[in-house]
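Undergrad: Just to be clear, the model below is a prediction. Sequence and coordinates:
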Amino acid sequence: MGNKVNKLEMADVQNMSDHRNIEIDKVGVKKVKYPIVVLDKANGFQHTVATIDMYVNLPHNYKGTHMSRFVEILHSHQSMINMKNLPNILREMKEKLNAEATHIEVKFPYFLKKEAPVSKTPSYLEYKCGFYGSMDDSGTMKEFVVTVSVPINTLCPCSKEISDYGAHNQRGIARVDVKFKKFFWIEDLIAIVESCASSGIYSVLKREDEKYITERSFNNPKFVEDVVRDIAEVLSKDENITWFIVEAENFESIHNHSAYAYLEREKGGDL
């Protein structure tokens with residue numbers, strides 16, 4: 001057998017005791033790139049590649065955690081990582097890593113087919129989406145958040161008001177984080193954000209589409225302040241949403257800076 005060592009004889013260093021008596025709040029793996037399958041409202045499922053962070057707490061008397069188990073758990077759930085299944089993943093992390101608290105963050109590109117507004121030319125647009133959650137020692141979800149980042153177009157109300165001809169517009173990003181009571185489709189959250197911009201963004205536009213979007217934006221000017229307020233107004237009326245963050249950033253076309261607005265609200269509080 002030479003220098004081969006029986007697996008049963010190998011030392012489990014992670015389970016050895018640690019004399020410093022210091023608990024670690026989060027220990028685990030970061031920036032794991034992994035192919036996953038997420039729920040798709042139109043097609044049932046969508047394949048994508050996620051960036052995933054997974055952590056557990058480490059009691060003061062343990063030297064380390066078993067890093068390989070994080071990826072093993074991830075692999076066992078790769079075909080169904082979504083807001084419905086996230087509690088099960090956190091629960092399995094608790095069991096297999098003997099942890100009191102668990103945390104996971106999943107970020108992924110999500111693609112929706114969009115038709116141009118007039119020509120109906122189809123194309124795909126990318127949205128940055130994700131879930132993050134944590135579970136406490138009782139097995140109860142301590143935090144569960146869904147996030148979407150949506151590309152938008154805005155036209156400046158001030159520029160329109162003071163100019164004899166036209167007004168400047170720009171691309172931007174609106175991000176929304178929500179806590180909720182029951183499952184919902186991320187496509188519906190994306191649609192809310194797009195409806196609150198001067199116009200949506202498309203990958204392919206014909207001339208008749210450009211005309212439509214230009215005129216729609218001109219008739220629907222928005223500051224970043226307008227965008228976050230309009231989104232907040234819609235979310236505040238949704239009984240399924242219990243808390244939200246809304247932020248918007250415009251990549252200004254005539255300034256050497258971005259315009260930015262942010263708000264956070266717990267349902268039941270004042271807008």
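TA: Sure, I can see it.

Undergrad: How many neighbouring residues does residue 122 have?
TA: Residues lying near residue 122 (other Cβ atoms under 10 Å) number 12. C-beta coordinates here come from the backbone N, C-alpha and C atoms, glycine included.

Undergrad: for it, what are its contacts?
TA: Residues in contact with residue 122, defined by Cβ atoms under 8 Å, 6 or more residues apart in numbering, are 113-116, 204.

Undergrad: what's the answer for residue 216, then?
TA: When contacts are counted by Cβ under 8 Å, 6+ apart, residue 216 touches 117, 198-199.

Undergrad: Strands - which of those residues land there?
TA: Judged by DSSP state E, those include residue 199 as members of strands.

Undergrad: Can you tell me which of the contacts of residue 216 are buried?
TA: Buried subset of the contacts of residue 216 (neighbour count, 16 or more other Cβ atoms under 10 Å): 117, 198-199.

Undergrad: want to throw those residues into JSON lines with pLDDT and distance to residue 94?
TA: Listed next are the buried ones among the contacts of residue 216 as JSON lines, based on pLDDT from 0 to 100; distance: Cβ to Cβ, whole Å:
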{"residue": "117", "pLDDT": "96", "distance to residue 94": "48"}
{"residue": "198", "pLDDT": "96", "distance to residue 94": "46"}
{"residue": "199", "pLDDT": "95", "distance to residue 94": "46"}
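
Undergrad: Closest one to residue 210 out of those residues, please.
TA: residue 117 (9.8 Å; Cβ to Cβ).

Undergrad: Kindly provide the distance from the closest one to residue 41.
TA: 20 Å (Cβ to Cβ, to the nearest Å).

Undergrad: Would you map the strands across the stretch 101-250 of the chain?
TA: With DSSP state E, counting those that start in this stretch, the ranges of strands along the stretch 101-250 of the chain come out as 102-115, 122-135, 141-155, 169-180, 199-200, 241-251.

Undergrad: on that earlier part again, mind giving me the ChimeraX command for buried ones among the contacts of residue 122?
TA: Applying 16+ other Cβ under 10 Å to the contacts of residue 122 leaves a buried subset, and the ChimeraX line that selects it is:
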select :114,116
